[in-house]
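> How does the following fold in three dimensions:
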Amino acid sequence: MTTGVLKQQIITWLLKANRHRRRGFTLIELLVSIIVGSIIVSALLYLVTELNRFNGREELLTQTQQNMRRALDFISSDVSEAVYVYTDPDPIADQLDDAPDDTEPILAFWRLDPVNTSTLDDDCEDSNNESECSTLKVRQSSYTLVVYFQTTAADDNPIWEGESRIIRYQLPKYGSGADDIEELNHRSGYLDPTLEETTFAGWNKDPDENTDGDSQVLVDFVASFNDTIPTARTCESRDFGAPPDTPAAKSNSFLVCVSSGDTDDEVAGFDESLLNRTNQSVFIALTGNAARQDNDVLTSGSSEASRLPTLESEVLIRGVIEKPQ
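The predicted structure is shown next:
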């Protein structure tokens, strides 16, 4: 009898305990759990978002700096082939009828480019200009005018998203057509600087024609003209004496200083226009800015966070044309 009562009491207790377990959470407990869970999930999502933004920012900065390095290496290599570099590019750029719009000339020089003369006559007797044909077959090259510009103007092409970009302009002697070399067809506006009526220092385009050169964007995401670079750099601070009446550097972000050369008594007997051709070298500084338009990682307003360290290069010009002997 006692055992049966005890069993009945145990069964009753178990049923009550099971009933309490299946009762579930109260509304307050559910609300507290939701709030705590939301706080934890929000914190984790914020952390993941910030990590993605940081990684994206660092990737853009690294990519932009690599592009700046490639551009600086290209410009340095390009100008190292120069035979004549202008201390002031403005007078040359003003003569280019097809120069890029809304740009500032930063660097101008002449260089020798190879010419494929395989299509020319062996004896040049059937050529339009026998003397030029014979000279070209011996020289195997011609002079090309190269000018670097910087612009901050907006471009309709969605490819260019940066605040500023560098444009390389060139005016070669011959056209780009298949028969231009064979027929010795000069580019419109081109005037050979080795002719008697002109020189490298005093070059002027053909007055009867408009220039017809080629322009290509070299690099985007250069710091803009108005972007204040922390390190003050001028031509004078680099021991590059600016010649008289030469305007100050237009932009700190793409700075080019051309040495004006010796002016002592040893070269006093030479023409004044040639004095800047002695021991000439070129200093180039380039500063990038990775800010993108309509980009939530690096927008145009984040100049401090998106500006990159300045890259510098100095090139010795080995050209000997129009130098005092």
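
> ends of stretch 152-172, how far apart?
End-to-end span of stretch 152-172 (Cα to Cα, to the nearest Å): 26 Å.

> List the buried residues of that stretch.
Of the residues in stretch 152-172, 152, 160-172 count as buried by neighbour count, 16 or more other Cβ atoms under 10 Å. Using the backbone N, CA and C atoms, a C-beta is placed for each residue, glycine as well.

> Show me which of those is closest to Ala93.
Nearest to Ala93 out of these is Tyr169 (Cβ to Cβ; 8.4 Å).

> Show me the beta-bridge partners of that closest one.
Listed by DSSP bridges, the beta-bridge partners for Tyr169 are Val147, Ser215.

> mind listing what it touches?
Tyr169 makes contacts with 96, 99-100, 146-149, 213-215, as judged by Cβ atoms under 8 Å, 6 or more residues apart in numbering.

> 10 Å instead, please
By Cβ atoms under 10 Å, 6 or more residues apart in numbering, Tyr169 lies in contact with 93, 96, 98-100, 103, 105, 108, 145-149, 211, 213-216.

> from these, which would you call buried?
93, 96, 99-100, 103, 105, 108, 145-149, 211, 213.

> mind giving me TSV with these and columns for secondary structure and distance to Ser131?
TSV is the format used below for these (DSSP: H, G, I helix; E, B strand; the rest coil; distance: Cβ to Cβ, whole Å):
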residue	secondary structure	distance to Ser131
Ala93	helix	31
Leu96	coil	28
Ala99	coil	31
Pro100	coil	35
Thr103	strand	37
Pro105	strand	34
Ala108	strand	29
Leu145	strand	22
Val146	strand	26
Val147	strand	29
Tyr148	strand	33
Phe149	strand	35
Thr211	coil	24
Gly213	coil	25
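
> which of the residues you listed lies closest to Leu31?
Proximity to Leu31 was ranked across the buried ones among the contacts of Tyr169 by Cβ to Cβ; first place goes to Thr103, at 63.7 Å.

> Find the nearest non-adjacent residue to that closest one, please.
Setting aside the residues directly before and after it, Thr103 is nearest to Phe149 in space (Cβ to Cβ, 6 or more residues apart in numbering), at 3.8 Å.

> Kindly report the same for Asp97.
With Cβ to Cβ, 6+ apart, the residue lying closest to Asp97 is Asn210, at 4.0 Å.

> Check what pLDDT the one you found gets.
Per-residue confidence (pLDDT) for Asn210: 92.

> Same check on Gln280?
pLDDT recorded at Gln280 is 74.

> Over to the one 4 residues further on?
Per-residue confidence for Ile284 comes out at a pLDDT of 90.

> quick check, it in a strand?
Yes. Ile284 sits within a strand when classified using DSSP: H, G, I helix; E, B strand; the rest coil.

> mind listing the strands for the stretch 1-150 of the chain?
82-85, 103-114, 141-151 (DSSP state E, counting those that start in this stretch).

> Turn these into CSV, columns for distance to Ile28.
Formatted as CSV, the strands of the stretch 1-150 of the chain follow (distance: least, Cβ to Cβ, whole Å):
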stretch, distance to Ile28
strand 82-85, 81
strand 103-114, 69
strand 141-151, 65
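
> which one of those lies closest to Leu31?
Leu31 sits nearest to strand 141-151 of all the strands of the stretch 1-150 of the chain, at 59.5 Å, using Cβ to Cβ.

> Okay, angle between that closest one and strand 103-114 too, please.
160 degrees (axes from the mean of the first three to the mean of the last three Cα atoms, to 10 degrees).

> picking that back up, tally up the residues packed near the residue nearest to Asp97, please.
11 (other Cβ atoms under 10 Å).

> Use 27 as the first number for this chain going forward.
I'll keep to 27 as the first residue from here, and by that count the last item is Asn236.

> mind listing what it touches?
122-124, 214-215.

> If anything else comes up later, I'll come back, but that's it for now.
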